[in-house]
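Peer 1: need a structure here:
(one chain, ligands or ions: 2)
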Amino acid sequence: MTDEQWRNPDEPVRVGVLGARGRMGIEVCRAVDAADDLEVVAMVDQGDGLSAASDAEVVVDFTTPDVVMDNLRWCIDQGINAVVGTTGFTEQRLEQVRGWLAGKPGVGVVIAPNFGIGAVLMMQFAARAARHFESVEIIEQHHPRKLDAPSGTATHTARQIARARAEAGLGPVPDATKDEVPGARGAEIDGVRVHAVRATGLVAHQEVLFGTTGETLTIRHDSYDRASFMPGVLLAVRAVRNRPGLTVGLDALLD
Ligand SMILES: NC(=O)c1ccc[n+]([C@@H]2O[C@H](COP(=O)([O-])OP(=O)(O)OC[C@H]3O[C@@H](n4cnc5c(N)ncnc54)[C@H](O)[C@@H]3O)[C@@H](O)[C@H]2O)c1
Ligand SMILES: O=C(O)C1=N[C@H](C(=O)O)CCC1
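Peer 2: Ligands and ions are numbered 1, 2, ... in the order given. Below is the predicted model:
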């Protein structure tokens, strides 16, 4: 261990927040500030310059899909661990992050499409149910200021369901409908239909609707407040320094 890496375990973990003036960033600063074992050392938003977070041991990123890769690259180059909630992580992007981390073996990165504990369980339950139902569709519902669709959570859920279906040898979801209006049947991710609803008053919600002969199963999760994401964010902040490499999703941290 180098001098720079050594830390007094009695001192709070130094946390930098990127996107600190955003909806999630504000909530993260509040939650970190309230935790005795953590301290906010940098609040960085657009135009501030990443060097303000140089002294952080862990950076938390809730920014936008178009800037998150540059932020992450900078953190890894600096040897700073990162917890990322920003969406937009394709398999190609995850592979790129793994490549950067290969050159920095001590650095940990946790990327999670949803830090809500209930949302993580909803995704796990959906993956478990997937092999028992011939039909499945995902309906995600968010506030109208959300920039991306479908949500990172819906994309992740669809991929997990598709993998479970493939492992069980299920074929395509049956569907004889022809789209009279493009988009009427939603988007398709790995063969799973995903519908994105945006409405004032919503925060973050998702339903996974399964169907088979004579029955349906609906698995639903609702985040009514951004405080719902904070236990998961703090869990990842506390864990990431001891998890070198890339961790995708919160599942491994909850086991
Ligand atoms: N993983 C989860 O649990 C979870 C939960 C909620 C939101 N999200 C995702 O987090 C992201 C942020 O959501 P939000 O609702 O807080 O959005 P927001 O628009 O309220 O906040 C984003 C903030 O990032 C700032 N920003 C933009 N470029 C920046 C840069 N280069 N450096 C530093 N800051 C920069 C913006 O100025 C803004 O303040 C979205 O991708 C959203 O989907 C994930
Ligand atoms: O508010 C958002 O934006 C959210 N984004 C994440 C997603 O895209 O899945 C998680 C839920 C909230």
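Peer 1: burial of the closest residue to Ala168 other than its chain neighbours, as a residue count?
Peer 2: Counting by CB to CB, 6 or more residues apart in numbering, Ala168 lies nearest to Arg131, which is 3.5 Å off, once chain neighbours are set aside. Where C-beta positions appear, they are placed from N, C-alpha and C, glycine not excepted. Neighbour count of Arg131, defined by other CB atoms under 10 Å: 14.
Peer 1: show me the contacts for Arg131.
Peer 2: By CB atoms under 8 Å, 6 or more residues apart in numbering, the contact set of Arg131 is Ala164, Arg165, Glu167, Ala168, Leu170.
Peer 1: Which among these count as buried?
Peer 2: Neighbour-count burial (16 or more other CB atoms under 10 Å) applied to these gives Ala164, Arg165, Leu170.
Peer 1: The residue nearest the centre of the chain: what's it in contact with?
Peer 2: Nearest residue to the geometric centre of the chain (CA atoms, centre = their mean): Pro113, 1.5 Å. Residues near Pro113 by CB under 8 Å, 6+ apart: Thr87, Phe89, Ser151, Gly152, Thr153, Thr155, His156, Gly249.
Peer 1: Which element, helix or strand, includes it?
Peer 2: For Pro113, there is no host helix or strand (DSSP states H and E).
Peer 1: interface residues of the protein facing ligand 1?
Peer 2: 18-19, 21-25, 44-46, 62-65, 67, 85-87, 112-115, 152, 229 (CB under 6 Å from any ligand atom).
Peer 1: which among those end up buried?
Peer 2: Buried, going by 16+ other CB under 10 Å: 18-19, 22, 24-25, 44, 62-64, 85-87, 112-115, 152, 229, out of the residues of the chain next to ligand 1.
Peer 1: among the residues you listed, which are in strands?
Peer 2: For these, the ones inside strands are Leu18, Val44, with DSSP state E as the criterion.
Peer 1: Now the host helix or strand of Leu209: average pLDDT?
Peer 2: Counting by DSSP H and E, the element that carries Leu209 is strand 204-212. Taken as a whole, strand 204-212 carries a mean pLDDT of 98.
Peer 1: Give the rounded mean pLDDT of the helix or strand just after it.
Peer 2: Under the assignment DSSP H and E, the closest C-terminal helix or strand after strand 204-212 is strand 215-223. For strand 215-223, the mean pLDDT works out to 98.
Peer 1: Gly85 against Val237, yeah?
Peer 2: No. Using CB atoms under 8 Å, Gly85 and Val237 do not qualify as a contacting pair, with a distance of 11.1 Å.
Peer 1: At the contact with ligand 2, which residues of the stretch 151-255 of the chain appear?
Peer 2: Near ligand 2, when you scan the stretch 151-255 of the chain using CB under 6 Å from any ligand atom, you find Ser151, Gly152, Thr153, Ala204.
Peer 1: try the stretch 1-150 of the chain
Peer 2: So the stretch 1-150 of the chain meets ligand 2 at Thr87, Pro113, Asn114, His142, Lys146 (CB under 6 Å from any ligand atom).
Peer 1: which residues in the stretch 101-250 of the chain form strands?
Peer 2: For the stretch 101-250 of the chain, the strands defined by DSSP state E, counting those that start in this stretch occupy 108-111, 135-142, 187-189, 192-198, 204-212, 215-223, 245-248.
Peer 1: now for those strands, which one comes closest to Asp55?
Peer 2: Proximity to Asp55 (CB to CB) singles out strand 108-111 among the strands of the stretch 101-250 of the chain, at 17.6 Å.
Peer 1: May I have the strands that pair with that closest one, each with its orientation?
Peer 2: strand 81-84 (parallel), strand 245-248 (parallel) (DSSP bridges).
Peer 1: Deepest in the core, which of the ones you listed is it.
Peer 2: By mean neighbour count, with neighbours taken as mean count of other CB atoms under 10 Å, strand 81-84 ranks first of the strands paired with strand 108-111 at a mean of 28.
Peer 1: per-residue confidence averaged over that strand?
Peer 2: Here strand 81-84 scores 98 as its mean pLDDT.
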